[in-house]
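Engineer: only geometry, no sequence info:
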């Protein structure tokens, strides 16, 4: 198997599979026991289409997180400025949030805007996603059930200030992790 700059990865809850965001515009699955690699979703060409398997298109998927029940992968689709969901059983890809245009708007579904979302983490109950929004210098929260996006920390200005909400400053956040109990972001 060959990859092109594999970036994000996560392991299934039972540890049997590793999922990789491959900059070949694909989401790959690696069977841990055998090393067998298959493509779950993505055509291999840059694009922006929901669909099943290779009918889906990504443009430089970066961050990836698996739902707590192992049924879905959440993907930060960097160059499409979207957050996508890929069903593990079928490879069906849908867009949760993001207009597809660079921007900085909170909102629901495609009314929300990102600018190169990079890292992604999911809450222990699977109800919320947290996104490192690189060029917006922000940490964003998405309610999985509704696609509602809010900014929880960071101003649009690049910086390194500690603070609460928009008083905090980041400089191109690209990775994000959540504590096991869901109480803190790193």
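Structural biologist: In hand now; what should we look at? Since the structure is predicted, the reported quantities are computational estimates derived from the model, not experimental observations.

Engineer: now residue 150: how far from residue 88?
Structural biologist: Separation of residue 150 from residue 88 (CB to CB, to the nearest Å) stands at 27 Å. All C-beta atoms are positioned from the backbone trio N, CA, C, and that covers glycine.

Engineer: go on, residue 175?
Structural biologist: Taking CB to CB, one finds residue 175 at 23 Å from residue 88.

Engineer: and what of residue 42?
Structural biologist: 14 Å.

Engineer: between the two, tell me which one has more neighbours.
Structural biologist: Neighbour count, other CB atoms under 10 Å: between residue 42 and residue 88, residue 42 has more, with 30 against 20.

Engineer: does residue 118 lie in a helix or a strand, and which?
Structural biologist: Using DSSP states H and E, residue 118 maps to strand 117-122.

Engineer: contacting residues around the following helix or strand past that strand?
Structural biologist: Later in the chain than strand 117-122, the nearest helix or strand by DSSP H and E is strand 128-133. Contact with strand 128-133 is made by 63, 65, 74, 76, 83, 96, 114-123, 139-144, 152, 154, 173-176, 178, 185, as judged by CB atoms under 8 Å, 6 or more residues apart in numbering.

Engineer: the residues you listed, buried ones only, as a PyMOL selection?
Structural biologist: Remark: buried members of the contacts of strand 128-133, expressed as a PyMOL selection using 16 or more other CB atoms under 10 Å:
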select buried, resi 63+65+74+76+83+96+114+115+116+117+118+119+120+121+122+123+139+140+141+142+144+152+154+173+174+176+178
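
Engineer: roughly how far does the closest residue in space to residue 168 that isn't next to it in sequence sit from residue 186?
Structural biologist: Setting aside the residues directly before and after it, residue 168 is nearest to residue 153 in space (CB to CB, 6 or more residues apart in numbering), at 4.6 Å. Distance, residue 153 to residue 186, by CB to CB: 12 Å.

Engineer: bridged to residue 94, which residues?
Structural biologist: residue 85 (DSSP bridges).

Engineer: state the pLDDT value of it.
Structural biologist: With respect to pLDDT, residue 94 scores 98.

Engineer: then residue 7?
Structural biologist: With respect to pLDDT, residue 7 scores 85.

Engineer: assign the most centrally placed residue in the chain to helix, strand or coil.
Structural biologist: Centroid check for the chain by CA atoms, centre = their mean gives residue 76 as the closest residue, at 2.6 Å. Per DSSP: H, G, I helix; E, B strand; the rest coil, the local secondary structure of residue 76 is strand.

Engineer: not counting its neighbours along the chain, what's nearest it?
Structural biologist: Looking at residue 76 with CB to CB, 6+ apart, the closest residue is residue 63, at 3.7 Å.
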